[in-house]
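In: Provided below for reference: sequence and predicted model.
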Amino acid sequence: MGQTATGRWIFWVAAAASFLLLMWLLNDILLPFVVGMVVAYFLDPVVVRLQRAGLSRTMATTVVTVVAVLVGVGVVMAILPPLFGQIQSLITSAPEYIVKALGRIQPLLEPLRDRLGLEPMSMHDLQSEATQWAGKGLAVAGGIAGALAERGVAIINLLGLLFITPVVTFYMLRDWEKLVAAIDGSLPLEHADTIRKLTAESNAAIAGFVRGQALVCLALGTFYGIGLTLVGLQFGLVIGLIAGAISFIPFVGTFVGGVMALGMALAQFPPEWIGVVKVAAVFVVGQMLEGNFLSPKLVGDRVGLHPVWIMFALLAGGSLFGFTGVLIAVPVAAILGVVARHFIARYRDSDLYRGGAPS
């Protein structure tokens, strides 16, 4: 029996290692397939509802896929042109706006610099520092873009996202139930019930966080982008979308977006400080909206994903598998959290934890 159990462990460890090695080797071409699977996971509940309404699985999948593609193309065509224009202008004008913002707060910082024994910084020094920071940032971005272009990864992934992802999404949606049934029928009989239980808990965690938090990010990005644009903040659309996109890490999106927006407001509005107040009000209202309505309604407190664990998973996924790793980082973190809680519970019920103490 011991040899049999040892053989099982060796088999599953070898299978997991082989899977990770294959992902690492095929990392450059996995993005459209991973995106297609993620989109299919998000849209599967919609297909199920259409099935209940009387449509066949194939027809429901076709309707959902076509509508999703049309909506995606429409959103991209409506948002990307002005977004790219704002990003280009923001990169070009960043040093100037940084100098203006720092100039507004320099009188407040000088007493602190005096107490710390630091030399006063002139506006020329501020401009030089800001130009150097912007230059370094552009150099890093250019180096990354150049390396990707040389390897052909950017072109392959772009073409894959445009043409392969919808096809993968369609077939994954159409065959989702068959795929789940095939996997369920291949589970080790001895541990099938436990695996099904963990899978259900993992699905609840992923659905609760990923689906819910995606809607939160979309709502906040839309609110911040429109709100900052309406109050007249330059590059408000870009800053709002950035704040919304990283809001899946609690408070980080609001903090980063707030710092960027207030810095831009300090460079743009004074001596009319009412503009700065309006920008701050947008983020205060957004934070209240997220804390009191969006997160409780869409995410809830049942997920159990700590913000630090999320940040670690994102960094680890990006380091190992690039953008593909970032996409799967949070779902994998949710699954690992469920599995870890399961093994901790089993450990607390074992003799290793209790020793000779009664249960």
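Out: Perfect, thanks for sending it. These numbers were taken from a predicted model, which means no experiment stands behind them.
In: need the contact partners of stretch 222-230.
Out: Contacts to stretch 222-230, defined as CB atoms under 8 Å, 6 or more residues apart in numbering, come from residues 236-237, 239-241, 243-244, 257, 261, 279, 282-283, 285-286, 289. (Glycine included, C-beta is placed from N, CA and C.)
In: which element is residue 263 on?
Out: Counting by DSSP states H and E, the element that carries residue 263 is helix 252-268.
In: what about the closest residue to residue 254 other than its chain neighbours, how many residues nearby?
Out: Nearest residue to residue 254, sequence neighbours excluded (CB to CB, 6 or more residues apart in numbering): residue 287, at 5.3 Å. For residue 287, the neighbour count with other CB atoms under 10 Å is 17.
In: just checking, residue 287 touches residue 253?
Out: No. Counting by CB atoms under 8 Å, residue 287 sits too far from residue 253 to count as a contact (9.8 Å).
In: check contacts around residue 202.
Out: 334, 335, 338, 339.
In: any idea which element the last one lies in?
Out: Element membership of residue 339, judged by DSSP H and E, is helix 307-348.
In: tell me the mean pLDDT for that helix?
Out: On average, the pLDDT along helix 307-348 is 79.
In: report the next helix or strand after it in sequence order.
Out: As assigned by DSSP H and E, the chain's next helix or strand after helix 307-348 is helix 351-354.
In: now what about that following helix, what contacts it?
Out: Outside helix 351-354, the residues touching it (CB under 8 Å, 6+ apart) are 347, 348.
In: can you do 6 Å?
Out: Residues outside helix 351-354 that contact it (CB atoms under 6 Å, 6 or more residues apart in numbering): residue 347.
In: not counting residues beside it along the chain, what's closest to residue 248?
Out: Nearest to residue 248 is residue 213, by CB to CB, 6+ apart, at 4.6 Å.
In: confidence score at that neighbour?
Out: 77.
In: now residue 223
Out: 90.
In: next one: it from residue 52, what distance?
Out: Distance, residue 223 to residue 52, using CB to CB, to the nearest Å: 32 Å.
In: who's more crowded, those two?
Out: Neighbour count, other CB under 10 Å: between residue 223 and residue 52, residue 223 has more, with 20 against 9.
In: that older thread, got the contact list for the strand or helix carrying the residue nearest to residue 254?
Out: Using DSSP H and E, residue 287 falls within helix 274-289. With CB under 6 Å, 6+ apart as the test, helix 274-289 has contacts from 220, 223, 224, 227, 228, 231, 233, 254, 258, 261, 265, 269.
In: let me know whether residue 34 touches residue 327 as I believe.
Out: Yes. Shown here, residue 34 and residue 327 form a contact pair, counting by CB atoms under 6 Å, at 5.4 Å.
In: nearest residue to residue 43 in space, please, no chain neighbours.
Out: residue 64 (5.3 Å).
In: okay, now the one you found: neighbour count?
Out: Residues near residue 64, counting by other CB under 10 Å: 22.
In: wait, it sits on residue 47?
Out: Yes. With contact defined as CB under 6 Å, residue 64 counts as touching residue 47 (5.4 Å).
In: pLDDT below threshold where in this structure?
Out: Applying pLDDT under 70 to the chain flags residues 1-5, 78-161, 250-251, 298-305, 355-359.
In: for it, which segments count as strands?
Out: Secondary structure of the chain (DSSP state E): no strands located.
In: just give me the closest of the contacts of stretch 222-230 to residue 180.
Out: The shortest gap between residue 180 and any of the contacts of stretch 222-230 belongs to residue 244, at 32.1 Å (CB to CB).
In: who are the contact partners of the residue nearest to residue 43?
Out: 43, 46, 47.
In: let's see if you can find the most crowded of those.
Out: Neighbour count (other CB under 10 Å) singles out residue 47 as the most crowded of the contacts of residue 64, with 24 neighbours.
In: isn't it up against residue 58?
Out: No. In this structure, residue 47 is not within contact of residue 58 by CB under 6 Å, at 10.0 Å.
In: picking up where we left off before, going by neighbour count, list what's buried in the helix holding residue 263.
Out: Residues of helix 252-268 classed as buried by neighbour count (16 or more other CB atoms under 10 Å): 253-254, 256-258, 260-268.
In: rebuild those as a markdown table, extending it with distance to residue 294.
Out: A markdown table is the format used below for the buried residues of helix 252-268 (distance: CB to CB, whole Å):
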| residue | distance to residue 294 |
| --- | --- |
| 253 | 12 |
| 254 | 12 |
| 256 | 18 |
| 257 | 15 |
| 258 | 17 |
| 260 | 21 |
| 261 | 19 |
| 262 | 22 |
| 263 | 25 |
| 264 | 25 |
| 265 | 24 |
| 266 | 28 |
| 267 | 30 |
| 268 | 28 |
